[in-house]
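> Just the structure for this:
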Amino acid sequence: MNHFTRPTTHSALMRANISRIERTVRQKMPKSNFRIGTAFTEQAKRAYLLNPKLDTLHANWESVGRGRRSSACRLEWVRLVIFLVAYILPVLRREKGRLFHAVIADKRWQVGPEDLSPDVFNRPRRKLRHALSLLRGSGQLTYVAVYELSAARNLDGSYVFEPHIHVLILTKGAIEDDLKRAFTVRQRKSERGKSKPVRVERVPRSEVGNVLGYLSKMKPQERVQYEDRNGRCNRTTNRMSADYLPLWLSCMSQTPVTQLIQFGGFAGSMTHRFATCEMATMIGEL
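Okay, here's the model as predicted:
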C-alpha cells in the first residue's frame, strides 16, 4: 500500500490526492481520458438537465462517501475508475488464464425513445446470467460485466436506444469458441451476415487496463448510419444528440450504479466491496 495524504473530510482527501489519482489512472489505463475536473463540469450539466431528479447525483465528495447513487452520476464514475484500478486490475493481471473481451448486442433488445426505461437492461441481464451458467461448466471464471446504453440514428430517420453488454472475462478453462457459443444470439435470416451481435476478442495482459477503461466509460453516444462512396452503409460514433440526451440521462438516473456493473469469481464479494468501500481506502490502495 502506498503512503498518501489522509485528511478528515472526503473533499479535502480528493483535493490533496487529485494529482496522484489522475497520474496513477493514466499510467494503468493509458488510453483513458480520466480527468476529475472534467467530471465535475459534466456533473453540473447533468444536474441542470435532471433537476427534478437531482437526488440521483452526488453534489460533492462528502455525498460520495455516504453511499451509492445512479449511473448518471459522474462522481460515481470517478469512484468506479479508482475502484477498478485499485482492486480489479491487479487481480486480472496477476491471475493465470485466458483473457477475453466479449460484446453482446441483440437487436431484439432495442427500444424506441418512447419506450426507454430502466427495464431495458432486464433482457441483457438474463442473457448474461444464462451465458455464465453455461460457461461455468468449462472451468473457473473471473469477470467484470458492464451494461451499456447507446443509441443508433439510421438513414431511414429512425432512432433507437441499444442496450448491450461488455464482459472482460478471465477463464481457466473456456476457449474463444466456448464464449461465442455461450453468448450466441439468434438472428433473423434477413439480418445474418449484416451485423455481428456477438464479438469476442483475446485481450493481451498489457491491454487489460485499457479494456477496463473502455468498459467503464459510461458515456452517452450514438452510432450514426451513413452511406460511403461505394454505396455501402457504415456507422460512425458521435456524442449523443442534445434532443435525446435527456432521455438517456433520465434512464441512467433511475439505474443504480451498482446495477450497471457486475463482478464475479473474485475472492470475497467484490460487488459488496464496490458498494461500500471508503474512498480513503481505495485511494490508499493505488
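> for the stretch 151-286 of the chain, which spans come out with low pLDDT?
By pLDDT under 70, the weakly predicted segments of the stretch 151-286 of the chain are 187-195.
> can we see that at 80?
Flagging of the stretch 151-286 of the chain using pLDDT under 80 yields the residue ranges 187-195, 227, 229-233.
> what are the ranges of the helices in it?
176-182, 208-215, 245-253, 257-260, 270-276, 279-285 (DSSP state H, counting those that start in this stretch).
> With mean neighbour count and distance to Thr236 added, can I get those helices in TSV?
Just so you know, the C-beta spots here come from the backbone N, C-alpha and C atoms, and that holds for glycine as well. Shown next, in TSV, are those (neighbours: other C-beta atoms under 10 Å; distance: least, C-beta to C-beta, whole Å):
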stretch	mean neighbour count	distance to Thr236
helix 176-182	16	26
helix 208-215	21	17
helix 245-253	20	18
helix 257-260	18	25
helix 270-276	15	33
helix 279-285	18	36
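> can you redo the ones you listed as a markdown table with distance to Val146?
Converted to a markdown table, the helices of the stretch 151-286 of the chain look like this (distance: least, C-beta to C-beta, whole Å):
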| stretch | distance to Val146 |
| --- | --- |
| helix 176-182 | 16 |
| helix 208-215 | 5 |
| helix 245-253 | 13 |
| helix 257-260 | 6 |
| helix 270-276 | 12 |
| helix 279-285 | 18 |
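> out of these, which comes closest to Gln43?
helix 245-253 (11.4 Å; C-beta to C-beta).
> so where's the stretch 1-150 of the chain uncertain?
Scanning the stretch 1-150 of the chain for pLDDT under 80 picks out the ranges 1-8, 51-54.
> how about the strands in it?
98-104, 141-153 (DSSP state E, counting those that start in this stretch).
> Quick check: which of those strands is nearest to Thr24?
Nearest to Thr24, of the strands of the stretch 1-150 of the chain and by C-beta to C-beta, is strand 141-153 at 18.9 Å.
> partners of that closest one, with directions?
Strand pairing for strand 141-153, using DSSP bridges, gives strand 159-171 (antiparallel), strand 221-227 (parallel), strand 261-264 (antiparallel).
> Just the CA atoms of the helix ranked longest in the chain, as PDB, please.
Secondary structure of the chain per DSSP state H: the longest helix is helix 10-28. What follows is helix 10-28, C-alpha atoms only, in PDB (Å, rounded to 0.1, in the frame of the first residue of the first chain):
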ATOM      1  CA  HIS A  10     -13.700  13.400   1.600                       C
ATOM      2  CA  SER A  11     -13.500  16.800  -0.200                       C
ATOM      3  CA  ALA A  12     -10.100  17.500   1.400                       C
ATOM      4  CA  LEU A  13      -9.000  14.000   0.700                       C
ATOM      5  CA  MET A  14      -9.700  14.400  -3.100                       C
ATOM      6  CA  ARG A  15      -8.100  17.800  -3.200                       C
ATOM      7  CA  ALA A  16      -4.900  16.600  -1.600                       C
ATOM      8  CA  ASN A  17      -4.600  13.500  -3.800                       C
ATOM      9  CA  ILE A  18      -6.100  14.600  -7.100                       C
ATOM     10  CA  SER A  19      -2.800  14.700  -9.000                       C
ATOM     11  CA  ARG A  20      -1.700  11.300  -7.700                       C
ATOM     12  CA  ILE A  21      -5.000   9.700  -8.600                       C
ATOM     13  CA  GLU A  22      -5.100  11.100 -12.100                       C
ATOM     14  CA  ARG A  23      -1.400  10.200 -12.700                       C
ATOM     15  CA  THR A  24      -1.900   6.600 -11.400                       C
ATOM     16  CA  VAL A  25      -5.100   6.100 -13.500                       C
ATOM     17  CA  ARG A  26      -3.400   7.300 -16.700                       C
ATOM     18  CA  GLN A  27      -0.400   5.000 -16.000                       C
ATOM     19  CA  LYS A  28      -2.700   2.000 -15.600                       C
END
